[in-house]
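Participant: what's the 3D shape of this:
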Amino acid sequence: MKDALVIIPTYNERENIEAMVRKVMSLSHPFELLIIDDGSPDGTADIVRMLQQEFPNRLHLETRQGKLGLGTAYIHGFKYALRNGYEYIFEMDCDFSHNPDDLIRLYDACAVDGYDLAIGSRYVQGVNVVNWPMSRVLMSWFASLYVQMITDMPIADTTAGFKCYRRRVLETIQLNNIRFVGYAFQIEMKFLTYKYGFKIKEVPIIFTDRTRGQSKMSSSIFKEAVFGVLQMKISSFFRHFDRY
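Facilitator: A predicted model of the protein is given here:
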């Protein structure tokens with residue numbers, strides 16, 4: 001069984017990718033890194049290929065044709081991780097909004113403390129967001145509150161995208177049945193983890209908005225997260241959540 005794989009989807013992250021790879025490779029824990037690039041026209045994948053010569057056994061690359069959505073990129077990565085025998089599987093952004101140093105804390109929450117899902121949470125200890133306008137902070141915070149009210153999940157940051165899963169969670173969740181592809185994907189994955197009765201811990205982090213490259217956030221992505229929650233909750237009434 002292999003240990004830990006960090007999955008990072010990319011599209012036009014030329015300005016961040018080398019620094020991110022080098023930072024993850026420099027951490028005290030020997031994380032492996034899987035980049036899933038959706039045909040970035042700026043040459044992101046070419047930079048990864050160059051870096052693979054330096055980190056041949058720890059840096060992996062999967063390329064796809066065109067922007068196919070955040071959720072499908074992570075599902076692709078999860079299946080890769082399960083196929084190749086990793087025990088701890090991480091989600092992380094490439095733009096340094098998630099501090100790579102916090103990978104250690106998420107890993108320890110699962111590997112040492114025994115949790116099944118560790119969430120890097122912006123809201124579990126107040127609001128820890130840097131460089132966002134107040135309007136976006138409020139939108140994100142109220143969206144999480146709305147999701148909590150609809151789903152009854154005891155999770156403060158329901159849309160968080162910085163996470164560590166134990167292998168057994170991804171083996172239990174039926175990945176082929178995940179519906180959403182945008183930020184609602186993050187909610188759906190947490191909801192299923194919660195409904196299956198896995199142990200979840202929120203690890204407080206400081207989220208810093210990107211300083212280089214362009215944000216992928218859009219109003220349509222956010223609407224999917226808000227309006228898809230009701231559909232997800234209603235569907236759960238007709239589904240059994242037995243692990244075995």
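
Participant: end-to-end on stretch 172-190?
Facilitator: With C-alpha to C-alpha, to the nearest Å as the measure, the ends of stretch 172-190 fall 13 Å from one another.

Participant: Show me what counts as buried in it.
Facilitator: Neighbour counts over stretch 172-190 (16 or more other C-beta atoms under 10 Å) mark 172-173, 175, 178, 180-190 as buried. Backbone N, C-alpha and C define where each C-beta goes, glycine included.

Participant: What lies in contact with it?
Facilitator: By C-beta atoms under 8 Å, 6 or more residues apart in numbering, the surrounding residues in contact with stretch 172-190 are 68-72, 74-75, 78-79, 117, 119, 147, 151, 153, 155, 158-161, 163, 192-193, 196, 198, 200, 217, 220-222, 224-225, 228-229, 231-232, 243.

Participant: can you give me the mean pLDDT across that stretch?
Facilitator: Across stretch 172-190, pLDDT averages out at 89.

Participant: chain center to that stretch: distance?
Facilitator: 11 Å (C-alpha atoms, centre = their mean, to the nearest Å).

Participant: now stretch 124-143
Facilitator: Worked out by C-alpha atoms, centre = their mean, stretch 124-143 lies 18 Å from the chain centre.

Participant: do stretch 21-39 as well
Facilitator: So, by C-alpha atoms, centre = their mean, the centroid of stretch 21-39 is 14 Å from its chain's centroid.

Participant: got a list of what residue 123 touches?
Facilitator: Counting by C-beta under 8 Å, 6+ apart, residue 123 makes contact with 141, 144, 156-157.

Participant: Out of those residues, give me the one that has the most neighbours.
Facilitator: Highest neighbour count within those, by other C-beta atoms under 10 Å: residue 157, with 26 neighbours.
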